[in-house]
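Trainee: sequence and predicted structure below; questions after.
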Amino acid sequence: MDNESSAEDIVKRRSIFFRSFGIYTEVGGFYDYGPIGLRIKRNVESAWRALFPEGLGLLEVETSIVLPEIVLKASGHLATFTDPVGICSTCKTAHRLDKTLEEYYEKKGDAEGMAQVKKMKLDELASKINELGIKCNKCGGVIGSPENFNLMFKTQMGQKSTDVAYLRPETAQGIFVDFKEIYRSHGLKLPCGISQVGKVFRNEISPRQQLVRVREFTQMETEIFIDKDAKFEGFGGVDMRRVEAEKLPFIKRGTNNEVELSIKELLADGAIPNEYFAIMLYKEKELIELLGIEKGRYRFRQLEKEELPHYSMGNVDLEVKTSYGYIEVSGNAHRSDYDLSSHAKMSGKDLTVISNEKKVLPHVIEASIGVDRLLFSVIDGAAKDDGRGWKVLALKKAAAPYLCAVFPLQKDDKLIEKAKEIEGMLVANKIPAFYSDSGSIGKRYAKADEIGVPSAITIDFETLNDGMVTIRDRDTSKQVRKKIEEIFELVV
Ligand code: GAP
């Protein structure tokens with residue numbers, strides 16, 4: 001709980017992220033990132049880029065956000081991308097039926113009840129809510145009129161209102177639609193992968209829990225295209241022995257308990273469908289640990305059949321423990337040839353490719369990571385109150401908005417000049433650094449701690465004589481005196 005308040009407090013005080021359009025109205029589900037939040041977000045994306053598209057030698061694209069209706073008709077989103085909703089007969093508030101029921105069981109500590117909710121269809125959810133006498137949490141009215149509500153934001157293209165379009169609910173569709181063209185123009189061979197990072201939109205019924213359930217967010221998606229009949233012969237230069245030896249905290253389908261199993265064991269019993277899928281989980285583990293989400297705070301969960309998205313033959317979610325409980329940070333799916341075959345049918349275009357001298361309609365393995373939920377999990381876990389009089393964001397260097405702060409001890413022209421010179425040297429060496437001379441040195445240390453800067457360099461009058469600076473460590477508050485030339489290796 002202390003952790004929760006620390007994170008929320010820092011996020012608010014330093015405007016890391018905050019509700020959009022705040023001066024006008026309180027619309028749920030839209031957040032803006034302030035300068036510090038944006039730097040952390042970019043770090044999350046850079047860490048992903050280094051491990052996924054660049055680390056695995058894949059291609060990255062940027063496709064359109066507005067999609068004509070036909071694309072989403074083909075993908076199945078028009079018909080099936082829905083959430084179960086009930087409307088309060090008195091105040092007309094819309095409630096997500098599955099979440100309402102889950103919250104009921106969660107309050108009762110009924111894990112079995114919660115697990116059952118994931119398997120229920122619209123009518124079952126509505127009658128269970130009725131049977132248990134669960135009422136509207138706003139006014140106590142009866143929750144009725146169940147319907148499957150489509151989550152896509154609708155718009156129109158141009159002036160003709162018949163040209164219906166939607167804001168994309170996932171970045172993946174752009175990759176599928178462009179796949180054949182990229183395959184051809186880049187001389188790809190199966191297996192191959194294409195990634196994309198970008199904004200997506202979902203008209204969530206009850207956005208909540210800060211960045212956890214929002215209506216506009218960023219996804220980092222990777223689609224691996226494979227020939228399902230070809231033998232696995234390695235991918236992306238990954239050492240499969242290391243991957244198979246890796247142990248994952250895992251909840252298998254049909255069970256409620258977490259066990260630690262090696263990827264080799266999970267592959268053997270089919271909980272992980274193939275080696276490409278295994279590589280995605282391995283890389284995700286690497287990504288979250290790099291960003292500071294340590295073992296014990298995450299697990300992988302194989303989804304029940306009833307929970308699978310309409311396109312999936314099998315899913316494994318990566319869940320991270322936050323102050324809101326476990327949240328899904330990534331969805332990994334075996335999409336089979338569902339998308340390419342649907343787009344081929346709808347467009348009338350042949351989307352097969354030649355692989356090993358035969359025509360193949362590739363199957364797809366997907367890793368879809370939510371940037372905002374990952375960033376939220378990182379901040380939520382890093383915020384601490386260790387009694388120093390202010391909160392600390394103990395971010396790992398990979399996530400920290402700056403690696404280093406540079407402070408003149410006092411507002412003195414000579415100290416300021418030297419401090420700015422050092423800041424310039426750091427920035428020229430691509431070390432993100434920020435300079436400040438406002439307020440007392442204590443206040444500046446506190447600010448650097450709050451926004452997660454790992455080291456602070458202070459320039460004093462001695463520095464002008466001996467070229468030594470004081471380096472203060474954020475986590476221990478310990479200070480050491482070092483030569484200016486030595487700071488580079490210390491802060492990186
Ligand atoms: N292309 C597959 C796909 O979109 P998903 O499980 O619906 O799969 C992937 O979404 C990730 O996007 C989730 O694991 C989560 O991190 C993020 N996400 C989904 N809905 C979200 C929401 N309303 N707010 C914030 N992040 C969300």
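Mentor: Perfect, thanks for sending it.

Trainee: in stretch 324-332, which residues are buried?
Mentor: Buried residues in stretch 324-332, counted by 16 or more other CB atoms under 10 Å: 327, 329-332. C-beta coordinates here come from the backbone N, C-alpha and C atoms, glycine included.

Trainee: and the contacts of it?
Mentor: 106, 209, 212, 277, 280-281, 284, 288, 298-299, 309, 315-320, 365-370, 373-374, 376-377 (CB atoms under 8 Å, 6 or more residues apart in numbering).

Trainee: narrow those residues to those in helices?
Mentor: 106, 277, 280-281, 284, 288, 373-374, 376-377 (DSSP state H).

Trainee: ok, so of those, who is nearest the ligand?
Mentor: R373 (4.1 Å; CB to the nearest ligand atom).

Trainee: that closest one contacts V212, correct?
Mentor: Yes - counting by CB atoms under 8 Å, R373 touches V212, with 6.0 Å between them.

Trainee: from the contacts of stretch 324-332, which are also near the ligand?
Mentor: For the ligand, the contacts drawn from the contacts of stretch 324-332 by CB under 6 Å from any ligand atom are 366, 368, 370, 373.

Trainee: I416 belongs to a helix?
Mentor: Yes - assessed with DSSP: H, G, I helix; E, B strand; the rest coil, I416 lies in a helix.

Trainee: could I get the contacting residues of it?
Mentor: Residues near I416 by CB under 8 Å, 6+ apart: 408, 437.

Trainee: can you list the low-confidence ranges for the stretch 151-300 of the chain?
Mentor: Of all residues in the stretch 151-300 of the chain, none has pLDDT under 70.

Trainee: can you give me the strands for it?
Mentor: In the stretch 151-300 of the chain, the strands defined using DSSP state E, counting those that start in this stretch lie at 154-156, 164-167, 192-201, 216-226, 247-251, 258-262, 298-302.

Trainee: which one of the ones you listed is the most hemmed in?
Mentor: strand 216-226 (a mean of 23; mean count of other CB atoms under 10 Å).

Trainee: that strand to strand 192-201, inter-axis angle?
Mentor: 160 degrees (axes from the mean of the first three to the mean of the last three CA atoms, to 10 degrees).

Trainee: close to the ligand, is strand 216-226?
Mentor: Yes - using CB under 6 Å from any ligand atom, strand 216-226 reaches the ligand at 217, 219, 221.

Trainee: which residues does the last one form a beta bridge with?
Mentor: In this structure, E221 has beta-bridge partners Q196, S368, where bridges are defined by DSSP bridges.

Trainee: and it, how far from K384?
Mentor: 32 Å (CB to CB, to the nearest Å).

Trainee: pull the number of nearby residues for T25.
Mentor: Using other CB atoms under 10 Å, T25 is surrounded by 8 other residues.

Trainee: up against the ligand, what does the stretch 301-450 of the chain have?
Mentor: 328-331, 366, 368, 370, 372-373.

Trainee: do that again at 8 Å, thanks
Mentor: With CB under 8 Å from any ligand atom as the criterion, the stretch 301-450 of the chain meets the ligand at residues 309, 315, 317-318, 327-331, 333, 366, 368-374.

Trainee: break the chain into its domains for me.
Mentor: 34-79+153-381, 82-150, 402-491 (automatic domain parsing).

Trainee: with distance to K12 added, can I get the ones you listed in JSON lines?
Mentor: Below are these laid out as JSON lines (distance: least, CB to CB, whole Å):
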{"stretch": "domain 34-79+153-381", "distance to K12": "10"}
{"stretch": "domain 82-150", "distance to K12": "25"}
{"stretch": "domain 402-491", "distance to K12": "11"}
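
Trainee: and the closest residue to F277 other than its chain neighbours, how many neighbours?
Mentor: Nearest residue to F277, sequence neighbours excluded (CB to CB, 6 or more residues apart in numbering): I365, at 5.1 Å. I365: 27 surrounding residues under other CB under 10 Å.

Trainee: with L287 instead?
Mentor: 25.

Trainee: how about V66?
Mentor: For V66, using other CB under 10 Å, the count is 13.

Trainee: picking up where we left off before, the ligand: which of the residues of strand 216-226 next to the ligand is nearest?
Mentor: Using CB to the nearest ligand atom, the residues of strand 216-226 next to the ligand come closest to the ligand at F217, 4.2 Å.

Trainee: list the contacts for the closest one?
Mentor: Taking CB under 8 Å, 6+ apart as the definition, contacts of F217 comprise 199-200, 202, 211, 370-373.

Trainee: also F179?
Mentor: By CB under 8 Å, 6+ apart, the contact set of F179 is 194, 223, 225, 340, 351, 362.

Trainee: and it, how far from the ligand?
Mentor: For F179, the distance to the ligand (CB to the nearest ligand atom, to the nearest Å) stands at 14 Å.

Trainee: let me know the pLDDT of the residue in the stretch 1-150 of the chain that the ligand sits nearest to.
Mentor: Closest residue of the stretch 1-150 of the chain to the ligand, CB to the nearest ligand atom: G29 (7.5 Å). At G29, the pLDDT value in this model is 96.

Trainee: likewise for M1?
Mentor: pLDDT at M1 comes out at 38.

Trainee: reformat the ones in helices among the contacts of stretch 324-332 as JSON lines; add neighbour count.
Mentor: Converted to JSON lines, the ones in helices among the contacts of stretch 324-332 look like this (neighbours: other CB atoms under 10 Å):
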{"residue": "E106", "neighbour count": "15"}
{"residue": "F277", "neighbour count": "25"}
{"residue": "M280", "neighbour count": "26"}
{"residue": "L281", "neighbour count": "22"}
{"residue": "E284", "neighbour count": "24"}
{"residue": "I288", "neighbour count": "25"}
{"residue": "R373", "neighbour count": "25"}
{"residue": "L374", "neighbour count": "29"}
{"residue": "F376", "neighbour count": "27"}
{"residue": "S377", "neighbour count": "28"}
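
Trainee: which residues does L132 contact?
Mentor: By CB under 8 Å, 6+ apart, L132 lies in contact with 101, 104.

Trainee: next, it: phi, psi?
Mentor: Main-chain torsions, L132, degrees, to the nearest 10: phi -80, psi -10.

Trainee: in strands, which of the buried residues of stretch 324-332 fall?
Mentor: 327, 329-332 (DSSP state E).

Trainee: which among the residues you listed gets closest to E421?
Mentor: E421 lies nearest to V329 out of these, by CB to CB, at 41.7 Å.

Trainee: and the residue of the stretch 251-400 of the chain closest to the ligand?
Mentor: Counting by CB to the nearest ligand atom, the stretch 251-400 of the chain gets nearest the ligand through G370, at 2.1 Å.

Trainee: what's the pLDDT at the residue nearest to G254 when sequence neighbours are not counted?
Mentor: Nearest residue to G254, sequence neighbours excluded (CB to CB, 6+ apart): E304, at 7.3 Å. Predicted confidence (pLDDT) for E304: 93.

Trainee: tell me the contacts of E304?
Mentor: 115, 118-119, 253-254.

Trainee: next: A448.
Mentor: A448 touches 405, 456, 474, counting by CB under 8 Å, 6+ apart.

Trainee: how does it look with 6 Å?
Mentor: The contact partners of A448, by CB atoms under 6 Å, 6 or more residues apart in numbering, come to 405, 456.

Trainee: quick check: it vs L167, distance?
Mentor: Shown here: A448 relative to L167, a distance of 38 Å by CB to CB.
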